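Colleague: whatever this is, show me its structure:
(one chain, ligands or ions: 1)
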Amino acid sequence: MEYVNLRENIRISRMTFGCWELGGGQWEKQSDDVNLQVIEQALTLGINSFDTAEGYGNGHSESILGEALAKHPRETLVIATKVSPNHLYGVEVRRAIEQSLTRLRTDYVDVYYIHWPNRDIPLTETMAELRRLKEEGLVRSIGLSNFSLAQMHEAMAEAPVEVIQPEYSLLSRSIESDIVPYCIAHGIAILTYSSIAKGILTGTYHQGQTALPASDFRSKRRLFLPEHIQAETPLVNAIQTIAERRRVSMAQVAIAWLLAQPGMSSAIIGTQSAAHLQDNVKALDWQLSAEELSSLDDVSRDVLTHIDAQV
Ligand SMILES: NC(=O)c1ccc[n+]([C@@H]2O[C@H](COP(=O)([O-])OP(=O)(O)OC[C@H]3O[C@@H](n4cnc5c(N)ncnc54)[C@H](OP(=O)(O)O)[C@@H]3O)[C@@H](O)[C@H]2O)c1
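Modeller: Reported below is the predicted structural model:
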């Protein structure tokens, strides 16, 4: 496993274990016992960074993570959680972190993100409360998720932001033009979500393989619409060509591409499968060549142009 500085005194693995899936809720959940074992395996593989949210499974994700991590020394772990956009008044933020800490069985989190902006609640009030929580030691770093650059500037006028969590992958690259250069220039860590596009970049949903049942919430998501699945085919094929030549999985190719992009600290990946987890971490063992990176870059841009034109 490779590690980078999230900020001074906090080192994180370049793969972060995403815990949305194991909370249940929208996701079809494996048993808690299975997920406890998968988290244990993540630690064995060198992953020390975990991402959850109060909103995942209405707190269940945090509870399972807390149970899994309780027997490991706290100082070896980097735990991030998020306050929901309907809890952003100061008093609500404080109540939310207190409840999250109880479920996580810890007395501080390494990163506390605002999960999504909420225009109805003054950002200055939320950021002022986050600054107080940081001063009190309940939160080590303040993070933002799903914020535009303009919204980041507004937040940073009130308190320093050290981490952001945007969506990013070969199928979602809008942050490249403004947010990534800004974060590089200001030393802000970027942890990406939907790094394998909720499974699309693993090839599972192309080439006549698995069709998502209509009951799966992803079937309504933009990248899973039938016309977009079709438009994504050249990219999935390009990933498969490289994967076959390299004798690695398609997931590894997609993750290796992401981690080779400028400014990327850690790829957050969700899985409830020990086999998938073992496979995914192997993306850290090898690197794509300059030609492979550039060919994926070209196909991805073409596909995204096509998809954006369809909306
Ligand atoms: N801040 C935000 O707003 C936000 C939004 C979304 C997600 N997140 C965070 O990011 C994490 C991950 O993002 P995501 O949930 O959108 O999706 P993702 O990590 O892009 O994809 C997860 C999906 O990929 C599958 N998968 C994983 N490894 C695989 C492999 N090697 N081969 C085939 N399939 C594989 C998983 O199924 P299996 O379980 O079968 O492996 C799961 O269905 C979440 O857990 C959460 O922590 C944050």
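Colleague: drop to CA atoms for contacts and neighbour counts, all remaining ones
Modeller: Will do.
Colleague: strands along the stretch 201-311 of the chain, start to end?
Modeller: Along the stretch 201-311 of the chain, the segments classed as strands by DSSP state E, counting those that start in this stretch run 264-270.
Colleague: where does it have low pLDDT?
Modeller: Scanning the stretch 201-311 of the chain for pLDDT under 70 picks out the ranges 207-209, 311.
Colleague: which residues in it form helices?
Modeller: Secondary structure of the stretch 201-311 of the chain, counting by DSSP state H, counting those that start in this stretch: helices at 226-231, 233-246, 250-259, 274-281, 290-310.
Colleague: nearest to residue 21, out of the ones you listed?
Modeller: helix 274-281 (13.3 Å; C-alpha to C-alpha).
Colleague: show me what counts as buried in the closest one.
Modeller: Residues 274, 277, 280-281 are the ones in helix 274-281 that count as buried (16 or more other C-alpha atoms under 10 Å).
Colleague: what angle do it and helix 250-259 make?
Modeller: Here helix 274-281 runs at an angle of 40 degrees relative to helix 250-259 (axes from the mean of the first three to the mean of the last three C-alpha atoms, to 10 degrees).
Colleague: any idea how far residue 14 lies from residue 204?
Modeller: Computed as C-alpha to C-alpha, to the nearest Å, the residue 14 to residue 204 distance reads 24 Å.
Colleague: look at the two and report which has more neighbours.
Modeller: residue 14 (25 against 16; other C-alpha atoms under 10 Å).
Colleague: leaving out the residues flanking it, which one is nearest to that one?
Modeller: Spatially, and ignoring its direct neighbours in sequence, residue 14 is nearest to residue 266 (4.0 Å; C-alpha to C-alpha, 6 or more residues apart in numbering).
Colleague: so who does the one you found touch?
Modeller: Shown in contact with residue 266 (C-alpha atoms under 8 Å, 6 or more residues apart in numbering): 12-16, 190-192, 259.
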